[in-house]
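[1] Okay, here's the prediction I keep looking at, along with the sequence it came from:
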Amino acid sequence: MPSINLVQQISLAGTVPADRQLDHLRRIGTGLFVGSVVGTILAVLLGDLDLAGGKFWVVLILMVIVALVCLLPWAMNYPETRSIPVVARTLGTDESPEQRYVQRGGAQQGLLVPVVVRPLDGGANFRSIILLRDVDPAEPKDPAVGTLLALQQNEEGMGELSNVDEVSPAQQKAIDQLYKHPKQLSNDAPILPMRRGTMERHPWWAALQWWGSVLGGGLASVALVLLLAG
(Lines give C-alpha, C1' and ligand atoms only; values in the text may rest on other atoms or scores of the structure.)
Protein backbone atom coordinates (compact mmCIF):
# COMPACT_ATOMS: atom_id res chain seq x y z
CA MET A 1 0.00 0.00 0.00
CA PRO A 2 1.27 3.52 -0.71
CA SER A 3 2.28 5.53 2.29
CA ILE A 4 -0.04 8.25 3.56
CA ASN A 5 2.03 11.29 4.49
CA LEU A 6 -0.84 13.58 5.39
CA VAL A 7 1.15 16.34 7.06
CA GLN A 8 3.43 16.61 4.03
CA GLN A 9 0.46 16.51 1.64
CA ILE A 10 -1.41 19.22 3.50
CA SER A 11 1.73 21.35 3.87
CA LEU A 12 2.49 21.17 0.14
CA ALA A 13 -1.10 21.52 -1.05
CA GLY A 14 -1.20 25.24 -0.69
CA THR A 15 0.43 28.17 1.07
CA VAL A 16 -0.51 31.82 0.88
CA PRO A 17 2.27 34.44 1.07
CA ALA A 18 2.43 36.72 4.09
CA ASP A 19 1.21 39.66 2.02
CA ARG A 20 -0.91 41.65 4.45
CA GLN A 21 0.14 45.26 4.96
CA LEU A 22 1.46 44.54 8.45
CA ASP A 23 3.46 41.57 7.12
CA HIS A 24 5.24 43.91 4.69
CA LEU A 25 5.91 46.47 7.43
CA ARG A 26 7.27 43.86 9.85
CA ARG A 27 9.51 42.21 7.26
CA ILE A 28 10.92 45.50 5.97
CA GLY A 29 11.27 46.99 9.46
CA THR A 30 13.11 43.95 10.79
CA GLY A 31 15.41 43.95 7.77
CA LEU A 32 16.21 47.62 8.28
CA PHE A 33 16.90 46.95 11.97
CA VAL A 34 19.27 44.05 11.25
CA GLY A 35 21.04 46.04 8.54
CA SER A 36 21.43 49.11 10.76
CA VAL A 37 22.93 47.04 13.58
CA VAL A 38 25.42 45.33 11.27
CA GLY A 39 26.24 48.60 9.49
CA THR A 40 26.82 50.46 12.74
CA ILE A 41 29.11 47.74 14.08
CA LEU A 42 31.13 47.67 10.84
CA ALA A 43 31.41 51.46 10.76
CA VAL A 44 32.66 51.59 14.37
CA LEU A 45 35.13 48.73 13.93
CA LEU A 46 36.49 49.62 10.50
CA GLY A 47 35.98 53.38 10.22
CA ASP A 48 38.34 56.08 11.42
CA LEU A 49 35.84 57.67 13.80
CA ASP A 50 36.01 60.45 16.31
CA LEU A 51 33.56 59.50 19.07
CA ALA A 52 34.80 62.02 21.60
CA GLY A 53 32.93 65.05 22.89
CA GLY A 54 29.57 63.36 23.23
CA LYS A 55 29.45 62.03 19.67
CA PHE A 56 29.31 58.47 20.98
CA TRP A 57 26.07 59.21 22.85
CA VAL A 58 24.60 60.97 19.85
CA VAL A 59 25.28 57.93 17.67
CA LEU A 60 23.95 55.57 20.35
CA ILE A 61 20.73 57.52 20.89
CA LEU A 62 20.09 57.77 17.16
CA MET A 63 20.61 54.04 16.73
CA VAL A 64 18.16 53.32 19.56
CA ILE A 65 15.59 55.61 17.92
CA VAL A 66 16.12 53.89 14.57
CA ALA A 67 15.70 50.47 16.22
CA LEU A 68 12.44 51.49 17.91
CA VAL A 69 11.02 52.88 14.68
CA CYS A 70 12.04 49.79 12.69
CA LEU A 71 10.52 47.37 15.20
CA LEU A 72 7.35 49.39 15.79
CA PRO A 73 5.26 47.20 13.44
CA TRP A 74 5.70 44.29 15.86
CA ALA A 75 3.80 46.28 18.48
CA MET A 76 0.86 46.63 16.08
CA ASN A 77 -1.91 44.07 15.65
CA TYR A 78 -3.46 42.67 12.50
CA PRO A 79 -6.95 43.94 11.71
CA GLU A 80 -9.49 41.80 13.50
CA THR A 81 -11.00 39.00 11.45
CA ARG A 82 -14.02 36.90 12.26
CA SER A 83 -12.92 33.65 13.93
CA ILE A 84 -15.18 30.67 13.31
CA PRO A 85 -15.83 27.98 15.94
CA VAL A 86 -15.03 24.51 14.62
CA VAL A 87 -14.78 20.90 15.69
CA ALA A 88 -11.69 19.02 14.48
CA ARG A 89 -10.95 15.29 14.40
CA THR A 90 -7.40 13.98 14.37
CA LEU A 91 -6.35 11.80 11.43
CA GLY A 92 -3.81 9.03 11.09
CA THR A 93 -0.61 9.38 9.05
CA ASP A 94 2.35 7.15 8.21
CA GLU A 95 4.80 9.89 9.24
CA SER A 96 6.33 9.20 12.63
CA PRO A 97 5.89 11.67 15.50
CA GLU A 98 9.66 12.28 15.40
CA GLN A 99 9.40 13.35 11.75
CA ARG A 100 6.55 15.74 12.57
CA TYR A 101 7.97 17.34 15.70
CA VAL A 102 8.93 20.97 15.09
CA GLN A 103 11.80 22.37 17.18
CA ARG A 104 11.81 26.08 16.41
CA GLY A 105 11.57 27.14 20.03
CA GLY A 106 8.92 29.16 21.82
CA ALA A 107 5.37 29.07 20.56
CA GLN A 108 6.40 27.38 17.28
CA GLN A 109 7.58 24.18 18.95
CA GLY A 110 5.34 21.14 19.01
CA LEU A 111 3.92 18.15 17.16
CA LEU A 112 2.19 18.61 13.79
CA VAL A 113 -1.03 16.58 13.62
CA PRO A 114 -3.39 16.34 10.61
CA VAL A 115 -7.07 17.01 11.26
CA VAL A 116 -10.36 17.17 9.40
CA VAL A 117 -12.47 20.14 10.43
CA ARG A 118 -16.18 21.00 10.54
CA PRO A 119 -16.94 24.74 10.80
CA LEU A 120 -20.03 25.46 12.85
CA ASP A 121 -21.10 28.43 10.71
CA GLY A 122 -22.30 26.13 7.94
CA GLY A 123 -19.09 26.38 5.91
CA ALA A 124 -17.57 23.46 4.04
CA ASN A 125 -15.48 20.87 5.88
CA PHE A 126 -11.72 20.97 5.26
CA ARG A 127 -8.44 19.37 6.24
CA SER A 128 -5.59 21.18 7.97
CA ILE A 129 -2.75 20.77 10.48
CA ILE A 130 -2.62 21.70 14.15
CA LEU A 131 0.43 22.17 16.36
CA LEU A 132 0.23 20.37 19.71
CA ARG A 133 2.59 22.14 22.11
CA ASP A 134 2.10 20.09 25.26
CA VAL A 135 4.21 17.20 23.94
CA ASP A 136 7.40 15.67 25.30
CA PRO A 137 10.11 16.62 22.73
CA ALA A 138 12.24 13.62 23.74
CA GLU A 139 9.40 11.18 23.03
CA PRO A 140 6.57 12.86 21.11
CA LYS A 141 3.33 10.89 20.96
CA ASP A 142 0.22 11.36 18.85
CA PRO A 143 -3.22 11.77 20.34
CA ALA A 144 -5.49 8.84 19.55
CA VAL A 145 -6.73 8.88 15.96
CA GLY A 146 -10.28 10.19 15.97
CA THR A 147 -9.83 12.52 18.95
CA LEU A 148 -12.37 15.35 18.76
CA LEU A 149 -11.24 18.88 19.57
CA ALA A 150 -13.03 22.20 19.94
CA LEU A 151 -10.99 24.86 18.11
CA GLN A 152 -11.48 28.00 16.06
CA GLN A 153 -10.64 28.86 12.47
CA ASN A 154 -8.63 32.07 12.63
CA GLU A 155 -9.58 33.43 9.22
CA GLU A 156 -12.36 32.47 6.84
CA GLY A 157 -11.03 30.55 3.85
CA MET A 158 -7.69 29.76 5.53
CA GLY A 159 -6.55 26.62 7.30
CA GLU A 160 -4.98 28.08 10.45
CA LEU A 161 -6.59 26.85 13.67
CA SER A 162 -6.15 27.87 17.30
CA ASN A 163 -7.41 26.94 20.74
CA VAL A 164 -10.55 28.37 22.30
CA ASP A 165 -10.81 29.62 25.86
CA GLU A 166 -13.99 27.68 26.49
CA VAL A 167 -15.92 24.99 24.63
CA SER A 168 -19.25 26.44 23.51
CA PRO A 169 -22.54 24.51 23.82
CA ALA A 170 -22.70 24.29 20.01
CA GLN A 171 -19.21 22.76 19.87
CA GLN A 172 -20.01 20.28 22.62
CA LYS A 173 -23.20 19.27 20.79
CA ALA A 174 -21.23 18.76 17.56
CA ILE A 175 -18.60 16.71 19.40
CA ASP A 176 -21.27 14.47 20.94
CA GLN A 177 -22.94 14.01 17.56
CA LEU A 178 -19.70 13.14 15.75
CA TYR A 179 -18.72 10.76 18.54
CA LYS A 180 -21.92 8.82 17.93
CA HIS A 181 -21.91 9.23 14.12
CA PRO A 182 -18.28 9.67 12.95
CA LYS A 183 -19.17 9.05 9.27
CA GLN A 184 -20.96 12.40 9.20
CA LEU A 185 -17.49 14.00 8.87
CA SER A 186 -15.62 12.58 5.89
CA ASN A 187 -11.84 12.29 6.08
CA ASP A 188 -11.53 13.29 2.40
CA ALA A 189 -12.43 16.97 2.80
CA PRO A 190 -10.48 19.47 0.66
CA ILE A 191 -7.34 21.11 2.02
CA LEU A 192 -7.36 24.81 2.85
CA PRO A 193 -4.15 26.84 2.37
CA MET A 194 -2.00 27.99 5.26
CA ARG A 195 -0.50 31.47 5.45
CA ARG A 196 3.30 31.67 5.54
CA GLY A 197 5.06 33.28 8.49
CA THR A 198 5.95 36.95 8.24
CA MET A 199 9.70 36.32 8.23
CA GLU A 200 9.66 33.50 5.67
CA ARG A 201 11.53 34.61 2.56
CA HIS A 202 9.14 33.02 0.09
CA PRO A 203 8.11 33.84 -2.58
CA TRP A 204 10.87 35.78 -4.34
CA TRP A 205 9.45 39.22 -3.55
CA ALA A 206 9.50 38.49 0.17
CA ALA A 207 13.20 37.60 -0.09
CA LEU A 208 13.78 40.78 -2.09
CA GLN A 209 12.02 42.84 0.58
CA TRP A 210 14.14 41.26 3.32
CA TRP A 211 17.58 41.45 1.73
CA GLY A 212 16.88 44.86 0.20
CA SER A 213 15.90 46.18 3.62
CA VAL A 214 19.00 44.68 5.24
CA LEU A 215 21.23 46.24 2.58
CA GLY A 216 19.45 49.58 2.76
CA GLY A 217 19.60 49.67 6.55
CA GLY A 218 23.28 48.77 6.54
CA LEU A 219 24.27 51.41 3.99
CA ALA A 220 22.16 54.09 5.69
CA SER A 221 23.63 53.39 9.12
CA VAL A 222 27.21 53.43 7.82
CA ALA A 223 26.56 56.76 6.10
CA LEU A 224 24.93 58.20 9.22
CA VAL A 225 27.73 57.12 11.57
CA LEU A 226 30.40 58.45 9.22
CA LEU A 227 28.51 61.74 8.88
CA LEU A 228 28.27 62.19 12.64
CA ALA A 229 31.65 60.88 13.72
CA GLY A 230 33.78 60.50 10.63
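    Yep, that arrived.

[2] which strands and helices sit next to the longest strand along the chain?
    When the chain is parsed with DSSP state E, its longest strand is strand 110-119. Packed against strand 110-119 by the contact rule (3 or more C-beta pairs under 8 Å, 6 or more residues apart in numbering; DSSP states H and E) you find helix 6-13, strand 84-90, helix 97-100, strand 101-102, strand 126-132, strand 148-153. Yep, even glycine has a C-beta here, placed from its N, CA and C like the rest.

[3] How far does that strand sit from its chain's centre?
    Taking C-alpha atoms, centre = their mean, to the nearest Å, one finds strand 110-119 lying 16 Å from the centre of the chain it belongs to.

[4] Nearest the geometric middle of this protein, what residue?
    For the chain, the residue nearest the mean C-alpha position is residue 197 (3.7 Å; C-alpha atoms, centre = their mean).

[5] who's in contact with that residue?
    Listed by C-beta atoms under 8 Å, 6 or more residues apart in numbering, the contact set of residue 197 reads residue 18.

[6] Check which helix or strand it maps to.
    For residue 197, there is no host helix or strand (DSSP states H and E).

[7] Look at residue 1 and report its pLDDT.
    pLDDT for residue 1: 36.

[8] no no, residue 41
    On the pLDDT scale, residue 41 is placed at 87.

[9] ditto for residue 8
    pLDDT at residue 8 comes out at 86.

[10] what's the closest non-adjacent residue to it?
    residue 95 (6.8 Å; C-beta to C-beta, 6 or more residues apart in numbering).

[11] Please work out which residues outside the helix or strand containing residue 174 touch it.
    Assigned by DSSP H and E, residue 174 belongs to helix 169-180. Identification of contacts with helix 169-180 by C-beta under 8 Å, 6+ apart yields 85, 86, 87, 89, 118, 120, 148, 150, 164, 167, 184, 185.

[12] Please look at the fourth one and residue 143 and confirm they touch.
    No: applying C-beta atoms under 8 Å, one finds residue 89 not in contact with residue 143, separated by 10.3 Å.

[13] Which one's more surrounded, the two?
    residue 89 (21 against 14; other C-beta atoms under 10 Å).

[14] and that one, what does it touch?
    Counting by C-beta under 8 Å, 6+ apart, residue 89 touches 115, 116, 117, 146, 147, 148, 149, 178, 182, 185.

[15] Enumerate every residue touching the closest residue to residue 217 other than its chain neighbours.
    Once flanking residues are discounted, residue 217 sits nearest to residue 35: 2.7 Å by C-beta to C-beta, 6+ apart. Going by C-beta under 8 Å, 6+ apart, residue 35 touches 213, 214, 215, 216, 217, 218, 219, 220, 221.
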